[in-house]
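Colleague: Quick check, what structure comes out for this input:
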Amino acid sequence: MKKEFSLSWKGSKQPRKQRKYRENIPLHLATKLLSANLSKDLRKKYGKRNFPLRNEDEVKIITGKFKGKTGKINFVDRKKLRVSVDGIQRKKKDGTKINVYFDPSNIQILNLNLNDKFRVESLSRKSTVRKEKQVKENKNVEKTETKRQILDKTKSDKSVKEKK
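Modeller: Got it, this is the predicted structure:
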């Protein structure tokens, strides 16, 4: 097997190839894998289903031992593709506490950290593009309906003429 990362890789059923893909992915592409679902309120507000995780985002854990707990993101590990949540720790045998790391697929974003102007810009850009697409689709639907109505009228006119 090749050791380099391939952009043309489409997917595989084989877990070893999936693990290899995730292990060798470049950091600039790893941010896409570090995206989590937005809550229903945020989905309506921004018109987006998921968004990349960053420090200080408020999240809720969806699955696992800590299901239902909320907290702010403490640390995002881009290399290992995992996230640590503030206040969620596990005790070791000697009594010391260590952070628990979560896969982004097991997390839901409740509140976004909007201190970065580029992040705010990307949120607004995505929502405006979607709204424009919806408007265009609605106009296209209206145009096709009028064309259908015109065709129906011409057909009915032809049938009336044929009956005469």
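Colleague: by contact count, what packs against the lengthiest strand in the chain?
Modeller: When the chain is parsed with DSSP state E, its longest strand is strand 82-91. Packing partners of strand 82-91 (3 or more C-beta pairs under 8 Å, 6 or more residues apart in numbering; DSSP states H and E): strand 58-61, strand 70-77, strand 97-102. In short, each C-beta sits where N, CA and C put it, glycine included.
Colleague: so where do the helices sit in this protein?
Modeller: Remark: helices assigned in the chain by DSSP state H are 15-24, 27-33, 40-46, 117-163.
Colleague: mean pLDDT lowest for which of those helices?
Modeller: For the helices of the chain, the weakest mean pLDDT is recorded on helix 117-163, namely a mean of 72.
Colleague: For N37, give the beta-bridge partners.
Modeller: N50, Q108 (DSSP bridges).
Colleague: Pull the number of nearby residues for it.
Modeller: Neighbours of N37 under the rule other C-beta atoms under 10 Å: 19.
Colleague: Test my guess that it contacts L110.
Modeller: No. Taking C-beta atoms under 8 Å as the definition, N37 is not a contact partner of L110, at 10.4 Å.
Colleague: returning to that earlier point: and the angle from the longest strand of the chain to strand 97-102?
Modeller: If you take axes from the mean of the first three to the mean of the last three C-alpha atoms, to 10 degrees, strand 82-91 sits at 140 degrees to strand 97-102.
Colleague: can you pull the buried residues of strand 82-91?
Modeller: For strand 82-91, burial by neighbour count (16 or more other C-beta atoms under 10 Å) applies to 82-86, 88.
Colleague: what's the answer for stretch 112-123, then?
Modeller: Neighbour-count burial for stretch 112-123, counted by 16+ other C-beta under 10 Å, picks out 112, 119, 123.
Colleague: show me the contacts for the second one.
Modeller: When the contact criterion is C-beta atoms under 8 Å, 6 or more residues apart in numbering, the partners of R119 are 54, 112-113.
Colleague: Pick out the residue closest to the middle of this protein.
Modeller: The centroid of the chain falls nearest to N50 when counting by C-alpha atoms, centre = their mean (2.6 Å).
Colleague: pretty sure that one contacts S35?
Modeller: Yes. In this structure, N50 is within contact of S35 by C-beta under 8 Å, at 4.6 Å.
Colleague: Spatially nearest residue to T70, not counting backbone neighbours?
Modeller: Among residues not flanking T70 along the chain, K60 sits closest, at 4.7 Å (C-beta to C-beta, 6 or more residues apart in numbering).
Colleague: for P104, same thing?
Modeller: Spatial nearest neighbour of P104, excluding adjacent residues (C-beta to C-beta, 6+ apart): A36 at 4.6 Å.
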